[in-house]
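# Sequence first, predicted model second:
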Amino acid sequence: MSKSLPKITFKSRIELDIEVMTLSETYQKLKGIDDHDPFKAHKIQFYFIVVVSKGSYKHYVDFQFYNLNEGSVLFIAKNQVHHFTENMKHAEGFCIVLNSVFFEQHYFLSKNVNLNRLYNYHLESPVIHKEDLGEDNFVGVAHTLYNEYHFDNNFLKGDMLRALLQVFLLKAERAKENKAINSAKIHWLETFSDFKNMLQTDYIITRSSRAYASKLFISYKLLNDILKELTGKTVKSFIDDFVTMEIKRYLVSTSLSIKEVSYKTGFEEPANMIKFFKKNTQKTPLQFRSQF
């Protein structure tokens, strides 16, 4: 196990912010990797999509296995811990890799594309199954993306890929919205996304619910109402769950000592982190690590 959490960055064979491969091509590429084991937990620094067109495939994301069948799509976000499984070689489909800077700038921060539920794994399941889509599907668009990516003529290739990707993502957002349990106000979803992004960078500094509300220029009550409506949790419990997940990621994916994990996740004293973790998981950090 690595001393530090393996963080895998975006690499493409051509000068584009998108890479599209079949599952078979992906499997062969994974077998040739020598700087980390893609079949063991590692943290990605890009966005990743798996589309299954035939057969079934099981993929691991943040301490859970997701079963994908024909027509299923899995969305894995930047900073999540995941790994591939060997049964990839028995399924057909596509993998789409997205440069995080490009993706966030052109889709999450774009005023023209509203992706409020997609990649929001705190709110939604990261999987969309065929039955969630009705008569719609992702396989056709994924296949067109693949053909364009490998098309010999590179003129306007980047623009073509971005346009096709936008269609793919909008289909996903529509499917997420259609199956959503609640019909939350758009600006509440946007506030939640801002809160989640802020928490991602600042949780090491503070776990104060009121501090985040203040930074968002809203009242604590409103932030609490938004979290309860969207996640069923209070701001405090959401923050606690978020920090617990970060600790789990370090414990499973690195060989850092408990003391080092404590400092990495914002605890000045290891004893405080151990107490916090046990309260939220009913296990000590060492007990949790030994399970994996």
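Good, I have the coordinates. This structure is a prediction, so every number in the text was calculated from the model and none was measured.
# In contact with K228, which residues?
By Cβ atoms under 8 Å, 6 or more residues apart in numbering, the contact list for K228 reads T234. Using the backbone N, CA and C atoms, a C-beta is placed for each residue, glycine as well.
# list the contacts for the residue nearest the centre of the chain?
Centroid-nearest residue in the chain: A77, 2.1 Å away (criterion: Cα atoms, centre = their mean). The contact partners of A77, by Cβ under 8 Å, 6+ apart, come to 47, 119, 121, 126.
# where exactly do the helices run in the chain?
Taking DSSP state H, the helices of the chain run over residues 23-31, 100-103, 139-149, 157-179, 186-202, 209-215, 220-231, 235-253, 258-264, 270-281, 285-291.
# neighbours around L98, how many?
Around L98 there are 22 other residues, counting by other Cβ atoms under 10 Å.
# That one and L16 touch, don't they?
No - if you go by Cβ atoms under 8 Å, L98 and L16 don't touch, sitting 10.3 Å apart.
# quick one: which of the helices of the chain is nearest N67?
N67 lies closest, by Cβ to Cβ, to one member of these: helix 23-31, at 14.9 Å.
# May I see the buried residues of that closest one?
Neighbour counts using 16 or more other Cβ atoms under 10 Å place 23, 26-27, 30 of helix 23-31 among the buried residues.
# In strands, which of the contacts of A77 appear?
Counting by DSSP state E, the part of the contacts of A77 found in strands is Y47.
# picking that back up, looking at the helices of the chain, which is nearest to Y60?
Of the helices of the chain, nearest to Y60 by Cβ to Cβ is helix 235-253, at 10.6 Å.
# How about residues contacting the closest one?
Contacts to helix 235-253, defined as Cβ under 8 Å, 6+ apart, come from residues 1-2, 5-6, 41-43, 62-63, 81, 122, 199, 203, 207, 209, 212-213, 220, 223-224, 227, 231, 233, 256, 261, 264-266, 273, 276-277, 280-281, 285, 288-289, 292.
# Filter those down to the buried ones, ChimeraX style.
Buried members of the contacts of helix 235-253 can be picked out in ChimeraX with the line below, counting by 16+ other Cβ under 10 Å:
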select :5,6,41,42,43,62,81,122,199,203,207,209,212,213,220,223,224,227,256,261,264,265,266,273,276,277,280,285,288,289
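# where does the stretch 151-292 of the chain have low pLDDT?
For the stretch 151-292 of the chain, residues meeting the criterion pLDDT under 70 lie at 180-184.
# can we see that at 80?
Residues of the stretch 151-292 of the chain that meet the criterion pLDDT under 80 lie in 179-185, 292.
# Next: the stretch 1-150 of the chain.
1-15, 107-114, 116.
# for the helices of the chain, which one sits closest to L133?
Counting by Cβ to Cβ, L133 lies closest to helix 157-179 out of the helices of the chain; the figure is 5.5 Å.
# Can you give the domain ranges for the protein?
7-179, 186-291 (automatic domain parsing).
# now the end-to-end length of the shortest one.
Chord length of domain 186-291, first to last residue, is 40 Å (Cα to Cα, to the nearest Å).
# Now the phi/psi pair for the residue nearest to the centre of the chain, please.
Dihedral angles of A77 (phi, psi; degrees, to the nearest 10) stand at phi -90, psi 160.
# now V261, nearest residue through space, not along the chain?
Nearest residue to V261, sequence neighbours excluded (Cβ to Cβ, 6 or more residues apart in numbering): Y250, at 4.6 Å.
# What's the local residue count around the one you found?
Per other Cβ under 10 Å, the neighbour tally for Y250 reads 22.
# Please apply the same query to Q200.
If you count neighbours by other Cβ under 10 Å, Q200 ends up with 12.
# wouldn't it be in contact with N79 here?
Yes - at 6.9 Å, Q200 and N79 qualify as touching, with contact defined as Cβ under 8 Å.
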